[in-house]
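Undergrad: Sequence plus the predicted model coming up.
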Number of protein chains: 2
Amino acid sequence: MDEIKYKPIGVIHSPFKEPKGTPIQPASGKGIGGTVEVFPEYAKGLKDVDGFSHIILIYHFHLSRGVSLEAKPYMDNEVRGIFAMRGPSRPNPIGVSVVRLVKIEGRILHIQDIDIVDGTPLLDIKPYVPEFDMREVVKIGWLEKRVHKLSTSKDDGRFTRRKAGE
Amino acid sequence: MDEIKYKPIGVIHSPFKEPKGTPIQPASGKGIGGTVEVFPEYAKGLKDVDGFSHIILIYHFHLSRGVSLEAKPYMDNEVRGIFAMRGPSRPNPIGVSVVRLVKIEGRILHIQDIDIVDGTPLLDIKPYVPEFDMREVVKIGWLEKRVHKLSTSKDDGRFTRRKAGE
């Protein structure tokens, strides 16, 4: 399998008009509201989603500029492997965020705790289920001494495309 | 943005040679070991990953047969919206699983608690971090009365392509 092709099923709307200043995780975007617009042809798939308090959004980091297999994460000054961080300059720039689902109106989902740039293409929505998604974690590597910075950390633009095609 | 193109960065190996009989979530694949092979050109990105006890695998459900916006989930007898379940017949057949990282040897990751079919194309690896990925969940919708079935639920083949091109 050489190439995998996906199509956006919707678009994410948020108060963050550019990566710079956007919270780097839902935990640092706490209380900030946004919406997810699901395109009409996929609206039927939203049945029963309103029963869940949290959902997983899977999206395409459309503003990511190219791939860096090693980079300095937002919360660190050392170069780390891209698979040991959550930043966007990944070989496949897929983002995953757990957000709170407030309500659904038609094909518009109102969400909270958002860390996603306005206009981001949505690839999938999954229900967040503790039995599936929560683990007894033992080690969080380099983040151990860094994660306390989370609530004050914002995107500084380091992973963002500066001009078209860059 | 009409089409998004990704390339596999590796392949997942597991004891499950076909979807039928595969655990439907890592929780029902507890203790079962597998490996993730990252292709040589992406190996540099694995730096520092060994510091994490759990990782998120993002992969392509390559055996999914087409899209069903509504379907009967494995653990239920009622038809639910596809975005309210985790099954593979999604518009973009992307799977997300949290697995335990046992050790890394070169570009081979040894993992446990696996619910993924052998040969599945890998799209991304992310570190699993409680501060990013764990939430105080209030509601889990239709799964509320079903999730106790998880440890005994296996894939019965309902979402699987029966012959090539189907």
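TA: That came in fine, so what should we check first? Numbering: from 1, shown residues only, chains lettered A, B, ... in the order given.

Undergrad: need the longest strand for chain A.
TA: strand A:94-105 (DSSP state E).

Undergrad: Tell me which strands the next helix or strand after it pairs with, and in which orientation.
TA: Downstream of strand A:94-105, the first helix or strand assigned by DSSP states H and E is strand A:108-112. Sheet pairing of strand A:108-112 (DSSP bridges) gives strand A:33-38 (antiparallel), strand A:94-105 (antiparallel).

Undergrad: list the buried ones in strand A:108-112?
TA: Buried residues in strand A:108-112, defined by neighbour count with 16 or more other C-beta atoms under 10 Å in any protein chain shown: A:108-109, A:111-112. Every residue, glycine included, has its C-beta placed from N, CA and C.

Undergrad: Closest to chain B out of these?
TA: If you rank the buried residues of strand A:108-112 by distance to chain B using C-beta to the nearest C-beta, residue A:109 comes first, at 9.3 Å.

Undergrad: near chain B at all, the worst-scoring helix or strand of chain A on mean pLDDT?
TA: Least confident helix or strand, chain A: helix A:130-133 with a mean of 85, by mean pLDDT, DSSP states H and E. Yes: with C-beta under 8 Å from any C-beta of the partner chain as the criterion, chain B is reached by helix A:130-133 at A:130-133.

Undergrad: same thing with stretch A:64-84?
TA: Yes: interface with chain B: stretch A:64-84 contributes A:69-70, A:79-84 (C-beta under 8 Å from any C-beta).

Undergrad: average pLDDT for that stretch?
TA: Averaging pLDDT along stretch A:64-84 yields 89.

Undergrad: picking that back up, show me which pair in the residues of stretch A:64-84 next to chain B is furthest apart.
TA: A:79 and A:83 (13.3 Å; C-beta to C-beta).

Undergrad: Would you double-check that residue A:45 falls in a strand?
TA: No: assessed with DSSP: H, G, I helix; E, B strand; the rest coil, residue A:45 is helix; it does not lie in a strand.

Undergrad: I'd assumed residue B:89 was in contact with it.
TA: No: under the criterion of C-beta atoms under 8 Å, residue A:45 makes no contact with residue B:89, lying 9.9 Å away.

Undergrad: Now list whatever residues contact both of those two.
TA: residue B:82 (C-beta atoms under 8 Å, 6 or more residues apart in numbering or on different chains).

Undergrad: who's more crowded, those two?
TA: Higher neighbour count among residue A:45 and residue B:89: residue A:45, with 27 against 20, using other C-beta atoms under 10 Å in any protein chain shown.

Undergrad: got a list of what residue A:117 touches?
TA: Contacts of residue A:117 (C-beta under 8 Å, 6+ apart): A:12, A:14, A:16-19, A:22, A:63.

Undergrad: Let me know the secondary structure of the residue lying closest to residue A:94 once chain neighbours are set aside.
TA: Leaving aside its sequence neighbours, residue A:94 sits nearest to residue B:124 (C-beta to C-beta, 6 or more residues apart in numbering or on different chains; 5.1 Å). Following three-state DSSP, the label given to residue B:124 is strand.
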